[in-house]
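Peer 1: Prediction below, plus the sequence it came from.
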Amino acid sequence: MKRINLAITGCMGRMGQQLIKSTKADKNFKLIALTENRIINRKISGIKPSLNTEQAFKKVNLIIDFTTPKCTFEVLKIASKLKKRVVIGTTGFSKKEEKLIKKYSKKIPILRAGNMSLGINLLMYLTEIASKSLGNNFLSKIFEIHHKHKKDHPSGTALMLGKGIAVGKNKEFYKLIGKKYLNKKTFPYGKKINFNSLRKGEIVGKHEVTFSSGKEIITLNHEAFDRALYSEGAFTAAKWLMNKKPGLYSMRDVLNFK
């Protein structure tokens, strides 16, 4: 396989730094561009970071973006013009923004995932199966923990899992979103899906989906210990995306979960 000329956005962020570190261990990629939303007056891995510009992305084959929605759309605008593939790990998009990403995907191949982990994507698949099998006799709720620096809540992964519940029930996800709690010790089930987000320490990520009938409880969970699993998942997605036509893809497509 020919090496992929890679650009990483948000290079000073946690995932940006992890992606840079991971490129050193994966010979399928050649890191040729780094961007940030401010001027960085030093080189990182031999590359001087720049702002998101056409010049920055001109020679790349693919861009990996773990930033903020505002930055992601800066990147998509340029990538669409230059016909560059984009892997998006950014979270916190609104329903309107998700529709805009889909619009961009008509011009370029885009893979977007709220979580790049194999385990999390398997958990979502199992969540759909459980939701469909248990039916309306069970109420559900989602609990997640992330490090204290994470700003958005619920996390993109928690929302992914919520969509899994909705798919299982064959219902519109946004109509099933219930209350969103932050840093609560306990939180209730509801007729809709309630979320509780805990932010503390340097925890990489923990997610838990619970179904209850009042007589029994079923719990599906996943815990991440190393941020490298997200960068490795992003690289797997990137390699897969290189042979794809314009369209909006997910880790589910990469992993071939039906």
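Peer 2: Received, thanks. Numbering: from 1, shown residues only.

Peer 1: the helices in the stretch 1-150 of the chain, which residues?
Peer 2: Under the criterion DSSP state H, counting those that start in this stretch, the stretch 1-150 of the chain carries helices at the ranges 14-23, 54-57, 69-82, 95-104, 118-134.

Peer 1: Would you mind listing where the stretch 1-150 of the chain has pLDDT under the threshold?
Peer 2: Filtered on pLDDT under 70, the stretch 1-150 of the chain yields the residue ranges 1.

Peer 1: so what's residue 174 up against?
Peer 2: residue 95 (CB atoms under 8 Å, 6 or more residues apart in numbering). (Glycine included, C-beta is placed from N, CA and C.)

Peer 1: and the gap between it and residue 197?
Peer 2: As defined by CB to CB, to the nearest Å, residue 174 lies at a distance of 18 Å from residue 197.

Peer 1: can you redo the helices of the stretch 1-150 of the chain as JSON lines with mean neighbour count?
Peer 2: As requested, these are exported to JSON lines (neighbours: other CB atoms under 10 Å):
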{"stretch": "helix 14-23", "mean neighbour count": "20"}
{"stretch": "helix 54-57", "mean neighbour count": "16"}
{"stretch": "helix 69-82", "mean neighbour count": "19"}
{"stretch": "helix 95-104", "mean neighbour count": "13"}
{"stretch": "helix 118-134", "mean neighbour count": "19"}
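
Peer 1: Now distance to residue 37 too, for the ones you listed, in CSV please.
Peer 2: Rendered in CSV, the data for the helices of the stretch 1-150 of the chain read as follows (distance: least, CB to CB, whole Å):
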stretch, distance to residue 37
helix 14-23, 11
helix 54-57, 12
helix 69-82, 6
helix 95-104, 18
helix 118-134, 27
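
Peer 1: Could you point out which of those sits nearest residue 89?
Peer 2: Smallest distance to residue 89 across the helices of the stretch 1-150 of the chain (CB to CB): 6.5 Å, for helix 14-23.

Peer 1: quick one, domains of the chain?
Peer 2: Taking automatic domain parsing as the domain assignment, the ranges for the chain are 4-112+227-255, 118-224.

Peer 1: Please state the offset of the longest one from the chain centre?
Peer 2: For domain 4-112+227-255, the gap between its own C-alpha mean and the chain's C-alpha mean amounts to 12 Å (CA atoms, centre = their mean, to the nearest Å).
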